[in-house]
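>>> This is a predicted model, with the sequence first.
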Amino acid sequence: MEQIYTIPVNEAFEKVQEDGHICPFCLMYNRLEKNELDLILGASMMEPDVRLKTNDLGFCDTHLGLMFGRPKRLPLALMLESHLDSISKELEGNMGLFIQKTGENAAKRLARLEQTCYICDRIEYSFSRMLETAALLWQSDSAFHDKVKAAPFFCLPHYGRFIRAAKDRLSKKDFAQFFEAVSKIESAYFDELKSDVSWFCKKFDYRYENEPWGNAKDAPERARLFLSGNLHVYEEDLKKNDGGLT
């Protein structure tokens, strides 16, 4: 277990006990993403090794869009200038006598570019280790059990990854104990969410129009976040718009 990740993992599990609106792993991911966006539009932007990587990997549409949403346009423009120049030179270098072969090379390069993102890679490097750390903390730190059991829920994508990380790293006995705890959390939230979504639907039936909404008004939004994760939102935004539901 890499000790550098124990602090952010513990902090995330403690934070969701207070707020209750987000999966702890979504919170970890969003903190990593915000940090990477801050770095790439700040201190890292002019570092030669970073520029080589951004030229090679580029950015996915999501992270390019998030960068465009920030006020620092010059650092972004400088990176784009360098990235465009790099791609142009690569494609021009593929123009030669053997048209079919060079065309295949160009197609392969462009196909690879569609699948790569500098920021995604950076986030995944740390995020995968945070998942591993959370699984190993269950094994090594009894106090962490209480933090896991106090989590409001796990979004389904991260629930699956958390289970796989634990399955790969824990003993059979520890995994059985772990799975019993996390599945209890997930089942309870699943039941509550299904009930709220069902009630939301019933509220559009005239027979129930005068009945109270209860917790169902935002049930479809919560279902979306549960199914796909509450990503690309940051804590200051969550406070403004009720957990990213609006």
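Thanks, I have the structure now.
>>> Spatially central residue in this structure, please.
Of all residues in the chain, the one closest to the mean position by CA atoms, centre = their mean is Tyr29, 4.3 Å from it.
>>> Apart from its neighbours in sequence, what residue is nearest Leu27?
In space, and not counting its chain neighbours, Leu27 is closest to Ala12: 4.7 Å by CB to CB, 6 or more residues apart in numbering. In short, each C-beta sits where N, CA and C put it, glycine included.
>>> go on, Leu227?
Leu156 (5.7 Å).
>>> ok, now which ones touch that neighbour?
Contacts of Leu156 were listed using CB atoms under 8 Å, 6 or more residues apart in numbering, and they are Phe226, Leu227, Ser228, Gly229.
>>> Give me the pLDDT for Ile99.
As predicted, Ile99 sits at a pLDDT of 51.
>>> quick one: buried residues of stretch 65-72?
The neighbour-count check on stretch 65-72 (16 or more other CB atoms under 10 Å) flags Leu66, Met67 as buried.
>>> before we move on, what about stretch 103-115?
Asn105, Ala106, Leu113.
>>> any idea how far Ser88 is from Val119?
One thing to correct before we go on: residue 119 is Ile, not Val. Remark: distance between Ile119 and Ser88 (CB to CB, to the nearest Å) = 22 Å.
>>> Looking at those two, which one has more neighbours?
Taking Ile119 and Ser88 together and counting by other CB atoms under 10 Å, Ile119 has the greater number of neighbours (23 against 10).
>>> so that one, which of the three states?
Using DSSP: H, G, I helix; E, B strand; the rest coil as the criterion, the local structure at Ile119 reads helix.
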